[in-house]
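Novice: quick one, what's the 3D model for this:
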Amino acid sequence: MKARLVALLFIFILLSSSFSVFAEENDSVSLNDSSEDVDDIEDVDDIEDVEDLENESDETKDRREKIEEKREERKEKIEEKREDRREKIEERMDNREERLKKMIEFRERIKRDKGKMRIEGKNITINELSEERKEIIAGKINAKTGLNLSAEDIDNKTLLRAYLSNGRHAFIKVMPNRASAIALERLKAKCLERNCSVELKEVGVGNKTRVAYVVETEKDSRILFIFPKKMRVMADVDAENGEFIELRKPWWAFMAKEKDEVEEDLEDED
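Specialist: Residues are numbered from 1 along each chain as shown. Predicted coordinates for the structure are as follows:
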């Protein structure tokens, strides 16, 4: 009986040992398989990561090349603008030197000819009041000006040129007596010596700047038809073409009755 029990116990121990060994082998195989699977996954991930890095490197390279191209384009544009600016400055300096030369020649001509000139077929006199101020006399009217002037002999004709602050120039084809006649006709006023002034000057802004005669005079008026009041009126006339530009009156002119007058002929010339 004891021998049987011992034999059964021995068989049980053997079976238990065999089962443990089998389980360990299965676990080892499972672990090995899992490890191989993980290695395979990691290998695939590594390959994908390398491909991503390569693709990202290509994209970065493309972006860098585009950025460099844009930089070069900007540099070229900046350089072109600088070159244009340099050329304009040089041109402006050349124009300034040429202008200065012509103005000096004009002053010498005024002194030599005592201001006598024939402009646009009309006899006029130009007096130099100071280095900055001149006086143009035509017929019965004299116009003062602070503009820079020169005289140009073109096709056997002498033309009077005025230089403007915006860099352009204008030829003065209308003399002050003609401009005054145009202005006073619109103002319905006279140009008496004591109350009338004519100024050749720039009017307008920027590219719309032009040379004009500004004629200013007084008119008799009555505010509310009762109270006598001198009214100061002004008119601008283009010095290049004789076009009437603008008429200006005081703010209270709407409630005043003006005394209209007709000026005598101002265009008497030699």
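Novice: which residues touch stretch 112-128?
Specialist: Residues outside stretch 112-128 that contact it (C-beta atoms under 8 Å, 6 or more residues apart in numbering) are 107, 110-111, 134-138, 149, 151, 157-160, 172-173, 175, 269-270. (C-beta placed from N, C-alpha, C; glycine too.)
Novice: mind listing the strands for the chain?
Specialist: Ranges of strands within the chain are 116-119, 122-128, 134-138, 141-145, 148-154, 157-163, 169-172, 197-203, 210-223, 227-238, 244-248, 256-258, based on DSSP state E.
Novice: out of the contacts of stretch 112-128, which end up buried?
Specialist: For the contacts of stretch 112-128, a neighbour count by 16 or more other C-beta atoms under 10 Å gives the buried set as 107, 110, 134-138, 149, 151, 160, 172, 175.
Novice: okay, buried residues for stretch 187-195 please.
Specialist: Quick answer for stretch 187-195 (16+ other C-beta under 10 Å): 187, 189-191.
Novice: among the residues you listed, which are in helices?
Specialist: The helices, defined by DSSP state H, take in Leu187 from these.
Novice: reformat the buried residues of stretch 187-195 as CSV; add pLDDT and distance to Lys70.
Specialist: Shown next, in CSV, are the buried residues of stretch 187-195 (pLDDT from 0 to 100; distance: C-beta to C-beta, whole Å):
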residue, pLDDT, distance to Lys70
Leu187, 91, 62
Ala189, 89, 65
Lys190, 85, 69
Cys191, 82, 65
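Novice: so where's the chain shaky on pLDDT?
Specialist: Within the chain, the segments meeting pLDDT under 70 span 1-58, 83, 86-94, 193-194, 264-270.
Novice: domains for it, by residue range?
Specialist: By the assignment in automatic domain parsing, the chain contains the domains 1-88, 114-258.
Novice: closest one to Lys102 among these?
Specialist: Nearest of these to Lys102, taken as C-beta to C-beta: domain 114-258 at 3.9 Å.
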